[in-house]
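Novice: here are the coordinates; sequence isn't available:
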């Protein structure tokens, strides 16, 4: 096995609130190899965004914290680092793009300036060199007449353009890992496809590893090498994209896949939905966290929480149904 | 920009004209208007009429208005009823005195409030933040005249450290050191008043900005906190603060009647109150117009500054806030 670029081990995170400690993720473990794309999929509130913020250690600024676990980036535990050390890593070795590109850019600075700033900070480039590189980055992400666009402000651009700018900014320092938190959710469908194509292309050209957070199984299918499915703060299934799509093992994943509207199949047929809604992680049911919504619930599911169990191809799932007792993950 | 300035100036002129009309009508509609003030009650009706005709008070109001407006445009503010002094001679020195006092308090409060508000926004509910809240409540709740009197009692009467009131000591007119000594107490009172609002305002504006997505982006870029706060947040946070400052600008001229009275400061506020009790209507009209003028200027400056800080505001297209 190749070296893991990023390895998250038993990451438990939470927030201090007025009602006390609120857990957001529960012993999340995942790994990304160099040049790979891992997609975390799940419903809103499943803890995917918190996981990404925790990896970047931006969770500290959002009022949350890492309770336990490790975030190993090239073997280096980021969870134990000071923010001053994280600043050297963020934006240069690992960077992040966000959901709403229109609000992710500072309205009072030109987009070129915002890209160049990253280069000045991390690469210590001169103003002029940084600006030129910023223009070059804009060209790379497919923005026409980048010399002119660089001087414009975010409000002068469309959502898709802004997301391209954000991507250019994130990739300016040639990071090894790009974390994309729902990068296409706020965009309309045609633009979504363009942005996904762009990410796929840049990944090939720059050999950047990507951690993509999405609630859209279609997006995941298009771009991922591996998929991790999160439910109520924990990973319930993880494996290579083909295996998860073709042989899903967790009933939640099966439910997610069945809820994708397809072109084939009977028209007018009712779309499949998973009954119920995602529980708050602080009011988790006993045993398996999915059992109240599971169509195959068994007596054991009420009592015992299933661990992630891997098959021989490294496809992991946390379900008693297909207990293949080979090795705990 | 030039086009915008021209349009705003034209708008402002229109607004000023409207204000002159309203001011004129209100003053003449008020009981005890010019006719009653200028004419002695002991005059016989015929004599009174003759007197009114001499003063031009028998003419229809619109005619009187345009007469007054014409004088105003030529810079002639009229004469006082009491000593027949030119109104301008009365107003201009008090404007200067007020600007010295208010300007000092305003600048001082800004210099303290903005950095303090920024600091507090990064340490919400910390000691410094709580202190600022306390001072703000005191500043808002405590009547300025009462605070002024307390300061006089302690610093002037009890400890004899500072002069009690007035702008200069007798025979020391023009001595800057003497002026500064006289300024300490009233400026303290006024600064507390300004400070209370500005600290809170700077803080809440900053807090709102620090919560924005682009601040998270700035941190995700690996920027240090200082850069995040001072480069990325501050400029956005200043935008609403500028509005408040623009709206407060006229106070620099209008003065603070209570504080000026307590400290016997020869400024606009005190003069206005005196003249109002003496029904010096030409002074009142001139003062009102002058303050209105500064309100408009303050708004215009705020709008222009807006465009300087915020690239989303395009002067010349739809214009900014209303006058």
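Specialist: That came through fine. Keep in mind the model is a prediction, meaning the values are calculated, not measured.
Novice: does chain B sit close to stretch A:49-64?
Specialist: Yes - Stretch A:49-64 lies within reach of chain B by CB under 8 Å from any CB of the partner chain, at A:56, A:58, A:61, A:62. Glycine gets a C-beta too; all of them are placed from N, C-alpha and C.
Novice: which residues sit in contact with the first one?
Specialist: For residue A:56, the contacting residues are A:86, A:90, A:94, A:96, A:179, B:220, taking CB atoms under 8 Å, 6 or more residues apart in numbering or on different chains as the criterion.
Novice: now, of the residues of stretch A:49-64 next to chain B, which are buried?
Specialist: Neighbour counting by 16 or more other CB atoms under 10 Å in any protein chain shown classes A:56, A:58, A:61, A:62 among these as buried.
Novice: do you have the helices of the stretch 151-300 of chain B handy? List them.
Specialist: B:176-210, B:213-220, B:225-227, B:234-248, B:251-254, B:257-262, B:268-277, B:281-309 (DSSP state H, counting those that start in this stretch).
Novice: which of the residues in the shortest one are buried?
Specialist: Pointing back at helix B:225-227 there. So, applying 16+ other CB under 10 Å, buried residues of helix B:225-227: residue B:227.
Novice: what does that helix rub up against?
Specialist: Here helix B:225-227 makes contact (CB under 8 Å, 6+ apart) with A:83, A:121, B:122, B:218.
Novice: run the chain-centre distance for it.
Specialist: Chain-centre distance of helix B:225-227: 35 Å, with CA atoms, centre = their mean, to the nearest Å.
Novice: mind telling me which residue of chain B is nearest chain A?
Specialist: Among the residues of chain B, residue B:222 lies nearest to chain A; the distance is 3.3 Å by CB to the nearest CB.
Novice: hmm, that residue is touching residue A:87, no?
Specialist: Yes - if you go by CB atoms under 8 Å, residue B:222 and residue A:87 touch, sitting 4.8 Å apart.
Novice: and the contacts of residue A:56, which of them are in helices?
Specialist: When DSSP state H defines the helices, the subset of the contacts of residue A:56 inside them is A:86, B:220.
Novice: ok, which pair from the contacts of residue A:56 is furthest apart?
Specialist: The most widely separated members of the contacts of residue A:56, counting by CB to CB, are A:86 and A:179 (13.4 Å).
Novice: pick out whichever of the two has more residues nearby.
Specialist: Under the neighbour definition other CB atoms under 10 Å in any protein chain shown, residue A:86 and residue A:179 were set side by side, and residue A:179 has more, 27 against 18.
Novice: ok, residue B:109 - contacts?
Specialist: Contacts here follow CB under 8 Å, 6+ apart; on that basis residue B:109 touches B:190, B:191, B:194, B:195, B:198.
Novice: what angle do the one helix or strand it maps to and helix B:234-248 make?
Specialist: Following DSSP states H and E, one finds residue B:109 within helix B:87-122. Calculated by axes from the mean of the first three to the mean of the last three CA atoms, to 10 degrees, helix B:87-122 forms an angle of 150 degrees with helix B:234-248.
Novice: what's the average pLDDT for the helix or strand just after helix B:87-122?
Specialist: The first helix or strand that comes after helix B:87-122 along the chain, using DSSP H and E, is helix B:127-141. Model confidence over helix B:127-141 averages 90 on the pLDDT scale.
Novice: flag every residue of the stretch 51-200 of chain A that's near chain B.
Specialist: Neighbours of chain B within the stretch 51-200 of chain A, by CB under 8 Å from any CB: A:56, A:58, A:61-62, A:83-84, A:86-92, A:95-96, A:98, A:100, A:103-110, A:117-118, A:121-122, A:153, A:155, A:166, A:169-170.
Novice: centre-most residue in chain A?
Specialist: In chain A, the centroid-proximal residue (CA atoms, centre = their mean) is residue A:213; its distance is 2.6 Å.
Novice: what kind of secondary structure is that residue in?
Specialist: For residue A:213, the assignment made with DSSP: H, G, I helix; E, B strand; the rest coil gives strand.
Novice: quick check: bridge partners of it?
Specialist: With DSSP bridges as the criterion, residue A:213 is bridged to residue A:40, residue A:181.
Novice: any idea how far residue A:254 is from it?
Specialist: Using CB to CB, to the nearest Å, residue A:213 is found at 21 Å from residue A:254.
Novice: pLDDT weak spots in the chain?
Specialist: Reading this off chain A. Along chain A, the parts satisfying pLDDT under 70 run over A:1-2, A:262-269, A:323-329.
Novice: nope, chain B please
Specialist: Along chain B, the model assigns pLDDT under 70 to residues B:32-40, B:315-323.
Novice: cutoff 50 now
Specialist: In the predicted model of chain B, residues B:318-323 satisfy pLDDT under 50.
Novice: tell me the spacing between residue B:6 and residue B:300.
Specialist: Separation of residue B:6 from residue B:300 (CB to CB): 12 Å.
Novice: for residue A:30, what are its contacts?
Specialist: Contacts of residue A:30 (CB under 8 Å, 6+ apart): A:7, A:8, A:38, A:40, A:228, A:235, A:238.
Novice: now residue A:304
Specialist: A:287, A:288, A:320.
Novice: same thing with residue A:246?
Specialist: Applying CB under 8 Å, 6+ apart, no residues qualify as near residue A:246.
Novice: now with 10 Å, please.
Specialist: Shown in contact with residue A:246 (CB atoms under 10 Å, 6 or more residues apart in numbering or on different chains): A:240, A:257.
Novice: how near is the residue positioned nearest the centre of chain B to residue B:187?
Specialist: When CA atoms, centre = their mean is applied to chain B, the residue found nearest the centroid is residue B:251 (0.8 Å). Going from residue B:251 to residue B:187 by CB to CB gives 14 Å.
Novice: what does residue A:81 give?
Specialist: Applying CB to CB, the value for residue A:81 to residue B:187 is 49 Å.
Novice: same question, residue B:80
Specialist: Counting by CB to CB, the gap from residue B:80 to residue B:187 is 30 Å.
Novice: comparing those two, which residue is more hemmed in?
Specialist: residue B:187 (23 against 18).
Novice: and the helix of greatest length in chain A, what does it pack against?
Specialist: What stands out as the longest helix in chain A, according to DSSP H, is helix A:189-206. Helix A:189-206 sits against strand A:37-41, helix A:127-140, helix A:159-171, strand A:177-181, strand A:209-214, helix A:217-223, with contacts defined as 3 or more CB pairs under 10 Å, 6 or more residues apart in numbering or on different chains; DSSP states H and E.
Novice: which positions in chain B make contact with chain A?
Specialist: Contact residues, chain B versus chain A (CB under 10 Å from any CB of the partner chain): B:209-225, B:227-228, B:231-236, B:238-239, B:309-312, B:314.
Novice: joint contacts of residue B:251 and residue B:187?
Specialist: B:102, B:105, B:106.
Novice: can you tell me how far the residue in the stretch 1-150 of chain A positioned nearest to chain B sits from residue A:118?
Specialist: Nearest residue of the stretch 1-150 of chain A to chain B (CB to the nearest CB) works out as residue A:91 at 3.3 Å. As defined by CB to CB, residue A:91 lies at a distance of 5 Å from residue A:118.
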